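K.L.:
how would this look folded up:
(4 chains)
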Protein chains: 2
Amino acid sequence: MDKKKAITIKDVAKKAGVSSSTVSRVISKSPKISPETTNTVLECMEELGYHPNAIARSLVSRKAGTIGVIMPSTSKDALLNPFFPEALRGITYRASNAGYDILLSTNDSKEEELAVIKKYINSSKVDGIVLMSSEVGDICVEYLSSVDFPFTIIGSPSEHGDRINHVDNDNYMATYELTRYLTMKGRKNIAMIAGDLSLMVTKKRIEGYQKALEESNVPFDEKKVYTGSFDEKTGYEYASIIADLNPTPDGVIVTDDLVAFAAVRLFKQLKLEIPKDIAVASFNNSVLSRYSNPPLTSVDVNALALGEESIKLLIRAIEKGDRGNKIIIPHIIYKRKSTEED
Amino acid sequence: MDKKKAITIKDVAKKAGVSSSTVSRVISKSPKISPETTNTVLECMEELGYHPNAIARSLVSRKAGTIGVIMPSTSKDALLNPFFPEALRGITYRASNAGYDILLSTNDSKEEELAVIKKYINSSKVDGIVLMSSEVGDICVEYLSSVDFPFTIIGSPSEHGDRINHVDNDNYMATYELTRYLTMKGRKNIAMIAGDLSLMVTKKRIEGYQKALEESNVPFDEKKVYTGSFDEKTGYEYASIIADLNPTPDGVIVTDDLVAFAAVRLFKQLKLEIPKDIAVASFNNSVLSRYSNPPLTSVDVNALALGEESIKLLIRAIEKGDRGNKIIIPHIIYKRKSTEED
DNA sequence: CTGAAAGCGCTTACAG
DNA sequence: CTGAAAGCGCTTACAG
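P.N.:
Numbers count the residues shown, from 1 in each chain, chains lettered A, B, ... in the order given. Down below sits the predicted model:
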């Protein structure tokens, strides 16, 4: 593939009878160019079909005009719920509005993520980075902080949070409210399937759950909090353990619809009625939760807004050097039949 | 944000006591550098913490090292099924293995897509482009062909397909098989909810459906093919129309699980038994199809492979100028209770 | 096997 | 308001 000789700023300059400096200033909308020259230059650009070369521009301006987005591809952060696509949509939307492109990377481990981050930064390909997931003691957060490169986390950092830009839900409060709602409905024996303990969000949610139980005078029993891997299979396994408890819990909080859905299926197999015998409440408000039988009560975390705000924060970090900003996106609890007896 | 003075090839050259040409050659693994010089240069790079600047490299090599991915964000291509995230995973995986980064753009219309494509190309930010969806008479396909820029479609082009790289399923055959399978089960009155007619995939699927009916001596009736917008609401509406037909069809093919799921719910509301009264078969094999009650027979299109192969093709297009290659990814029909009476 | 030089397409002080 | 010149950090013929 040989590329044909590109039309450059010089061609435009020659045609317009000005210097390339002037053309450059027209491109960057510098105010000190007379309207007339601006116009002739603009016309010449049009006629020649000229387009600025972003690469050359980056080289001298030392701005990539690009934001790196680091996304997990599997595992801990169940990729099956619409969280990531939705957040990504918010990210690309805001970024492109602000004139940034998105460099996307999906990775299977934190080590891989770190390698990509270093590559992006060292090769000057990006001006800032969005981390779409973070865990306790996250090595990527650690690294980005240490080199003071502009970045934002979707989620919360486990350490020095006052110096790290992040956007998150109030997961403590969301789970508190969800649990309180169940206890208000008279549930007194509530289990939880919580996800991977290495994730900050899991910790926060367990805290909210515990707090709500305590306030409701329902004893907190850490044995009834099931953590670890997080997929359909886990949903089945934990659900069957929960069903076997004596007495059987009358409520379960599950932190993802997909897993909740699996649990519901198992409960139904065991002839447990939902919500009569056991209420089920969940997170992410995906299609699954709406269409499940019965429909699942679920917390909508507003992934779109999380994505959008992460970019707003990042751009402030890039352009103004802002650090340590935090934005909380409101959640909404959608109450459905899985917790509401008729 | 002022960036600290970067460590450049010159610093390495000085420290190693060689010219920057030599350092450059070491970076690009040019064979004509002696092992000794190579080693000392490598050491110096290590000691100085040197990393090549990808931007500068791109400028002179005229290669961006980046692939643009154009993704629809809404509408016609129901974003709720895991197709896009999965395909994206295949794309990023293959691309990063081949040393390319991914520039991602999500767009709400073909006009927007075209604008982004032009921007990517004109600003030299990408070496090639993947189109994740295409419609009949697609303006992006038209443009990319006309400028002969390397690109691949996931799906099929409506015109001059012999010159356009694309990877697709055999949607004609998949739907043919699915329909035949229903007629073999004794279904004689099969409706179809097919999706947006402006998409190539919709046309192909309708053709396969028609062919199978004809071969089964079941008359094809285009009135029983429901096209147009494609979401949960559509699923409900068309399903209620279908249920009202006289006689009521004994089978329906729906080209997406989410829509099928909505249809199933409506049928159940109307006390139609599935599959006894009406069999339902669908596409995409998402979580929904597995967890639906009853589980849905669904065609798995292997989005991951579609993504991976699209990149393989694109890289050949970029690096070797290949055009007009086509790859067919095998589909798998997962037969489940929605079409299988016990 | 290695170096000096030109150049990729821009921007930006500096000078006028 | 405009231009000449230097430079961003690299690669690549050309020459030796």
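
K.L.:
thinking residue A:45 is in contact with residue A:13, fair?
P.N.:
No: between residue A:45 and residue A:13 there is no contact under Cβ atoms under 8 Å: 10.3 Å. Every C-beta, even on glycine, is put in place using the N, C-alpha and C of the backbone.

K.L.:
where do the contact lists of those two overlap?
P.N.:
Listed contacts common to residue A:45 and residue A:13 are residue A:23; contacts here mean Cβ atoms under 8 Å, 6 or more residues apart in numbering or on different chains.

K.L.:
neighbour count winner among those two?
P.N.:
Ranked by neighbour count (other Cβ atoms under 10 Å in any protein chain shown), residue A:45 and residue A:13 place residue A:45 first, with 21 against 18.

K.L.:
So the more buried one, which state does it fall into?
P.N.:
Recorded secondary structure, residue A:45: helix (DSSP: H, G, I helix; E, B strand; the rest coil).

K.L.:
who's in contact with it?
P.N.:
A:12, A:23, A:26.

K.L.:
which of those come close to DNA strand C?
P.N.:
Subset of the contacts of residue A:45 in contact with DNA strand C: empty, counting by Cβ under 7 Å from any atom of the strand.

K.L.:
Secondary structure added to those, as JSON lines?
P.N.:
Output for the contacts of residue A:45, formatted as JSON lines (three-state DSSP):
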{"residue": "A:12", "secondary structure": "helix"}
{"residue": "A:23", "secondary structure": "helix"}
{"residue": "A:26", "secondary structure": "helix"}
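
K.L.:
Need the phi and psi values for the residue located most distally from the centre of chain A.
P.N.:
The C-alpha centroid of chain A is most remote from residue A:17, which lies 50.3 Å away (Cα atoms, centre = their mean). Per-residue torsions, residue A:17: phi 70, psi 30 (degrees, to the nearest 10).

K.L.:
where does it sit relative to DNA strand D, distance-wise?
P.N.:
Residue A:17 sits 7 Å away from DNA strand D, going by Cβ to the nearest atom of the strand, to the nearest Å.

K.L.:
Ok, residue A:239 next?
P.N.:
From residue A:239 to DNA strand D the distance is 55 Å (Cβ to the nearest atom of the strand).

K.L.:
can you give me the strands for the stretch 201-342 of chain A?
P.N.:
For the stretch 201-342 of chain A, applying DSSP state E, counting those that start in this stretch gives strands covering A:225-227, A:251-254, A:279-283, A:297-300, A:326-329, A:332-334.

K.L.:
Could I get the full set of strands for the stretch 1-150 of chain A?
P.N.:
Per DSSP E, counting those that start in this stretch, the stretch 1-150 of chain A carries strands over the ranges A:66-72, A:101-107, A:128-131.

K.L.:
Of the ones you listed, which is nearest DNA strand D?
P.N.:
strand A:66-72 (16.3 Å; Cβ to the nearest atom of the strand).

K.L.:
which helices and strands sit right next to the closest one?
P.N.:
helix A:83-97, strand A:101-107, helix A:110-122, strand A:128-131 (3 or more Cβ pairs under 8 Å, 6 or more residues apart in numbering or on different chains; DSSP states H and E).

K.L.:
among those, which is nearest residue B:281?
P.N.:
helix A:83-97 (25.4 Å; Cβ to Cβ).

K.L.:
Please tell me how far residue A:199 sits from residue A:229.
P.N.:
Using Cβ to Cβ, to the nearest Å, residue A:199 is found at 12 Å from residue A:229.

K.L.:
Revised request: answer the last question for residue A:317.
P.N.:
Distance from residue A:317 to residue A:229, by Cβ to Cβ: 34 Å.

K.L.:
And these two? Which one has more around it.
P.N.:
Higher neighbour count among residue A:317 and residue A:229: residue A:317, with 23 against 11, using other Cβ under 10 Å.

K.L.:
wait, residue A:127 sits on residue A:67?
P.N.:
Yes: if you go by Cβ under 8 Å, residue A:127 and residue A:67 touch, sitting 6.5 Å apart.

K.L.:
More neighbours: these two, which one.
P.N.:
Legend: neighbour count by other Cβ under 10 Å for residue A:127 and residue A:67, higher for residue A:67 (29 against 25).

K.L.:
Tell me how far that one lies from DNA strand C.
P.N.:
Distance of residue A:67 to DNA strand C, computed by Cβ to the nearest atom of the strand: 19 Å.

K.L.:
What residues are bridge-paired with that residue?
P.N.:
Residue A:67 forms beta bridges with residue A:102, residue A:128, as assigned by DSSP bridges.

K.L.:
Contact partners for it?
P.N.:
Residues in contact with residue A:67 (Cβ under 8 Å, 6+ apart) are A:91, A:95, A:100-103, A:126-130, A:311, A:314.

K.L.:
export those residues to TSV and tack on distance to residue A:259 and pLDDT?
P.N.:
Shown next, in TSV, are these (distance: Cβ to Cβ, whole Å; pLDDT from 0 to 100):
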residue	distance to residue A:259	pLDDT
A:91	25	95
A:95	31	95
A:100	35	95
A:101	35	95
A:102	29	96
A:103	31	96
A:126	34	95
A:127	37	95
A:128	33	96
A:129	29	97
A:130	26	97
A:311	29	97
A:314	31	96
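
K.L.:
How many residues are close by the nearest residue to residue A:322 once chain neighbours are set aside?
P.N.:
Nearest non-adjacent residue to residue A:322, counting by Cβ to Cβ, 6 or more residues apart in numbering or on different chains: residue A:316, 4.3 Å away. Around residue A:316 there are 17 other residues, counting by other Cβ under 10 Å.

K.L.:
what residues are up against residue A:316?
P.N.:
A:165, A:322, A:325.

K.L.:
Give me the distance between it and DNA strand C.
P.N.:
The value you get for residue A:316 to DNA strand C, if Cβ to the nearest atom of the strand is used, is 20 Å.

K.L.:
Ok, residue A:133 next?
P.N.:
From residue A:133 to DNA strand C the distance is 35 Å (Cβ to the nearest atom of the strand).

K.L.:
What does that residue show for phi and psi?
P.N.:
Dihedral angles (degrees, to the nearest 10) for residue A:133: phi -150, psi 150.

K.L.:
ok, the residue in the stretch 101-250 of chain A positioned nearest to DNA strand D - contacts?
P.N.:
The nearest approach of the stretch 101-250 of chain A to DNA strand D comes at residue A:124, 7.5 Å away (Cβ to the nearest atom of the strand). By Cβ under 8 Å, 6+ apart, the residues touching residue A:124 are A:58, A:62, A:64, B:6, B:53, B:54, B:55.
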